[in-house]
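A.B. asks: No letters, just coordinates:
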């Protein structure tokens, strides 16, 4: 564990200094109100975050957002402004408002390390404390994890398809402006090399990139004037966008203006495979053999795979990435799985409803590995660690201990650690996990009662 | 036009007080840098936001986010923290940093009123000013409009399918925590009656609602204890969740505990149509004829339509709403369509690239109405208002005039106005527009050169 900070500390990262406490569904506050009145609010409780299933045809999920959740937990405070608004709306009683004004999460959180892969039933986050202090974190935890995990899962498929070629995140414009920052962070965790988003660069220390759009060419009286302006400003180490008018003419012009040292050209329309081949041949013919070709324009993991045989040096990915490539939310839920009874003993609890049943009890998940270190199964012990002969990895790591947050999971260092964790966990999966076609989850997760 | 505030004023709404200036793609800043160097940055320019197409099979789009964009524009400032970070990353020159430090948008913005419906090619936002001051707003404008319009378009289909029955927004947990607030706002613009999201209630004055989750029942030693706790706290004017264990038993218990005055019960699993009928019969049999039935659980516009014949009083919608019901982004782009030449005369400009061509020139869109006031066509004049005999509505309204923002478009009053605009514009469409099945856009938009 790295340095720690209490949940009361001001976070080092993030421009949003204000309270996150109202990023909450009303029913959490009304449940709190009623449970404080009945006295049950003080029962020690254990909530679990898990997905009942993966998005249709996906072979693994990716845990992302954990660090962000911890950052937002430090700002989960009912300050005067929040209390005044709740009072004016008469949502809860005065007694409950007093309780909220003093709220500091003093419980404990453990979970799959950010970047870890997961499967149906994997208990990726456990939140333990009084019912009162845990129940009001439901929406915030799910919002962060559902969004970020959806983006990371799509990003992981894209970086797997791109193999050694870098993927550049450029989807900010296709999603909410704050989702964009979180999406860039999640993409980098899942292997993207950089982002176009400035705020993500600032907030999480991510590598950023970007040069010019078509409007820059159209602003000038000719493509040549635009190219000259860009080269005069940035030198030949820049990337010129060559598809505003006529690609072959623009490529000639680019090398004429920038010389054969030109770092790169970008293609953003048309048949990218055909164009990449033509442009590569043209560049080589002009002696610009080191000039790189970046392609952008509605790429997803399938388009990236389809360009594998083409002379493409980098992929810029936007819409599909930030919208989870068909699965914009991860389907994670936050469920009470155990609580104290009147005697202070733990009782497993579970909902019995049709099509939404859950498994009660405290979980101890492990990933079982074969002799070659390949993951072969996920076993989720209920009540205790499963008894196993095989080699395995325990999957839960401590994130918050009695209200004290593990700093190594937040900020820029959290992103770096999560990126490493993801690369290692994905590499450990059987090869079939990386197939893009629809299939079953790559590992079966099995519950094992102790 | 209502009251106005300059773009320099602090907004009345929104908890995020910090700068929005880095919610931007790097290439906007590098284009600015190169254009300041070439001198072209000062050319007066006109950028346009439009969608080349609607999401597959959709019959109309809904403009949403305009008010939020204006709110964020007032906070688009490069303060010391932003300048210091850009300097440390060496993204632009010192000269450009000085220009950014003084940045205040002094141009003009017009657009379709928030809540208006749109079609392929509709110029929903026009941003005019120097190239420099307009180009750096691209990402922020698109992020806000693409997200909010996607949610509003889905929401509009849902409220159309629900007819007179209220739809309640409860999707916060399935999307990024800040997207959740914007999604609630967009949903209400498109006819939703309320939201579960507290922050959306506070920030935009939206009606909020919510009572209890399954965890509240599981926390207590029996369903009866849980129901009693809720009724003691909130009285019989609350909604009890009746599907944690066994629905018929829970309905009996609910009326036993709350009496026949119980305001409502909620069903969140199983076959909702069958259950709603059974529960209605049971409630009526118990004399609770005014107790309302709210259904939730993965509803979308098709499920809502499928429940039309059932005794359902309200729909709670989550995942499908906040993810745009299959279309999580609106596909809006921000393109330079005209700029001054060296003589200060306007020149239309357009990109010629394959599959991404755009139409240059300043647009004057109108909606043509027949004798019954039904919309029959959208005509987009290029260069001037189209010459028409028919009755029509001009679609552009002023939003920012020489840097001064129209306050009637922002905050809570902006949401109210947009909600009214949406209801009126949707009512004006031909009846086929409201079909849920995949189809063509309800109106053809035609460009007309003057």
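C.D. replies: Here it is on my side, so go on. Since the model is a prediction, treat every value here as computed from it, not as a measurement. Numbering: from 1, shown residues only, chains lettered A, B, ... in the order given.
A.B. asks: after the helix ranked longest in chain A comes which helix or strand?
C.D. replies: When chain A is parsed with DSSP state H, its longest helix is helix A:138-162. Scanning forward in sequence from helix A:138-162 by DSSP states H and E, the next helix or strand is strand A:167-169.
A.B. asks: tell me which strands and helices the helix or strand following that next one is in contact with?
C.D. replies: Next helix or strand after strand A:167-169 toward the C-terminus (DSSP H and E): helix A:177-189. Judged by 3 or more CB pairs under 8 Å, 6 or more residues apart in numbering or on different chains; DSSP states H and E, helix A:177-189 is in contact with helix A:138-162, strand A:167-169, strand A:194-195, helix A:198-204, helix A:319-322, helix A:411-428, helix B:138-162, helix B:177-189. In short, each C-beta sits where N, CA and C put it, glycine included.
A.B. asks: same thing but at 6 Å, please
C.D. replies: helix A:138-162, helix A:198-204, helix A:411-428 (3 or more CB pairs under 6 Å, 6 or more residues apart in numbering or on different chains; DSSP states H and E).
A.B. asks: Give me whichever of those is most buried.
C.D. replies: helix A:138-162 (a mean of 28; mean count of other CB atoms under 10 Å in any protein chain shown).
A.B. asks: still on that earlier bit, turn the helices and strands packed on helix A:177-189 into JSON lines, columns for distance to chain B.
C.D. replies: Output for the helices and strands packed on helix A:177-189, formatted as JSON lines (distance: least, CB to the nearest CB, whole Å):
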{"stretch": "helix A:138-162", "distance to chain B": "4"}
{"stretch": "helix A:198-204", "distance to chain B": "4"}
{"stretch": "helix A:411-428", "distance to chain B": "13"}
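A.B. asks: pLDDT below threshold where in chain A?
C.D. replies: When residues are selected by pLDDT under 70, those of chain A lie in A:1-17, A:353-357.
A.B. asks: Domain map for it?
C.D. replies: Domain assignment of chain A by automatic domain parsing yields the ranges A:4-151+A:327-365+A:393-441, A:163-323.
A.B. asks: Dump the ones you listed to a markdown table, plus distance to residue B:183.
C.D. replies: A markdown table is the format used below for the domains of chain A (distance: least, CB to CB, whole Å):
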| stretch | distance to residue B:183 |
| --- | --- |
| domain A:4-151+A:327-365+A:393-441 | 11 |
| domain A:163-323 | 8 |
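A.B. asks: Let me know which of those domains is the nearest to residue B:67.
C.D. replies: Closest to residue B:67 of these is domain A:163-323 (CB to CB; 14.1 Å).
A.B. asks: Can you check which of the helices and strands packed on helix A:177-189 gets nearest to residue B:80?
C.D. replies: Comparing those by CB to CB, helix A:198-204 comes nearest, at 13.1 Å.
A.B. asks: Tell me which residues are up against the closest one.
C.D. replies: Identification of contacts with helix A:198-204 by CB atoms under 6 Å, 6 or more residues apart in numbering or on different chains yields A:13-14, A:181, A:184-185, A:206, A:208, A:412, A:415, B:22-24, B:26, B:85.
A.B. asks: Buried ones among the residues you listed?
C.D. replies: A:13-14, A:181, A:184-185, A:206, A:208, A:415, B:22-24, B:26, B:85 (16 or more other CB atoms under 10 Å in any protein chain shown).
A.B. asks: got a markdown table for the residues you listed, with distance to residue B:349 too?
C.D. replies: Conversion of the buried ones among the contacts of helix A:198-204 to a markdown table gives the following (distance: CB to CB, whole Å):
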| residue | distance to residue B:349 |
| --- | --- |
| A:13 | 41 |
| A:14 | 39 |
| A:181 | 32 |
| A:184 | 30 |
| A:185 | 36 |
| A:206 | 33 |
| A:208 | 28 |
| A:415 | 40 |
| B:22 | 28 |
| B:23 | 26 |
| B:24 | 22 |
| B:26 | 23 |
| B:85 | 33 |
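A.B. asks: which one of these is nearest residue A:236?
C.D. replies: Looking across the buried ones among the contacts of helix A:198-204 and measuring by CB to CB, the closest to residue A:236 is residue B:26, at 18.5 Å.
A.B. asks: What parts of the stretch 1-150 of chain A come near chain B?
C.D. replies: A:15-16, A:18, A:22-27, A:30-31, A:33-34, A:37-38, A:40, A:85, A:131, A:139, A:142-143, A:146-147 (CB under 6 Å from any CB of the partner chain).
A.B. asks: Please identify the helix or strand for residue A:45.
C.D. replies: Residue A:45 belongs to strand A:44-51, assigned by DSSP H and E.
A.B. asks: That strand packs against which elements?
C.D. replies: strand A:125-130, helix A:131-135, strand A:332-340.
A.B. asks: Columns distance to residue A:63 on top of those, output as TSV?
C.D. replies: As requested, the helices and strands packed on strand A:44-51 are exported to TSV (distance: least, CB to CB, whole Å):
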stretch	distance to residue A:63
strand A:125-130	8
helix A:131-135	19
strand A:332-340	9
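A.B. asks: Could you dump the ones you listed into TSV and include distance to residue A:294 and mean neighbour count?
C.D. replies: Output for the helices and strands packed on strand A:44-51, formatted as TSV (distance: least, CB to CB, whole Å; neighbours: other CB atoms under 10 Å in any protein chain shown):
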stretch	distance to residue A:294	mean neighbour count
strand A:125-130	37	22
helix A:131-135	46	24
strand A:332-340	34	23
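A.B. asks: Residue A:193 is nearest to which of the ones you listed?
C.D. replies: Across the helices and strands packed on strand A:44-51, closest to residue A:193 is strand A:332-340 (CB to CB), at 27.1 Å.
A.B. asks: downstream neighbour of the closest one in the secondary structure list?
C.D. replies: Downstream of strand A:332-340 (by DSSP H and E), the next one is strand A:346-348.
A.B. asks: any idea which helix or strand comes after that following strand?
C.D. replies: Note on strand A:346-348: by DSSP H and E, the next helix or strand toward the C-terminus is strand A:363-369.
A.B. asks: Now do the end-to-end distance for stretch A:196-216.
C.D. replies: Taking CA to CA, to the nearest Å, stretch A:196-216 runs 17 Å from one end to the other.
A.B. asks: typo on my end, stretch A:258-273
C.D. replies: OK, stretch A:258-273 end separation, CA to CA: 24 Å.
A.B. asks: That stretch and chain B in contact?
C.D. replies: Yes - if you take CB under 6 Å from any CB as the test, stretch A:258-273 does meet chain B, through A:269-270.
A.B. asks: and that stretch, which residues are buried?
C.D. replies: A:258, A:262-269, A:272-273.
A.B. asks: what sits up against stretch A:436-450?
C.D. replies: Contacts for stretch A:436-450 (CB under 6 Å, 6+ apart): A:54, A:57, A:59-60, A:119, A:121, A:301, A:305, A:359, A:375, A:377-384, A:386, A:429-430, A:433.
A.B. asks: Whichever of those end up buried, select them in PyMOL.
C.D. replies: Listed next is the PyMOL selection for buried residues among these, using 16+ other CB under 10 Å:
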select buried, chain A and resi 54+59+60+119+121+301+305+359+375+377+378+379+380+381+382+386+429+433
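A.B. asks: Which ones among the contacts of stretch A:436-450 map onto strands?
C.D. replies: A:375, A:377-382 (DSSP state E).
A.B. asks: Fine, thanks again, bye for now.
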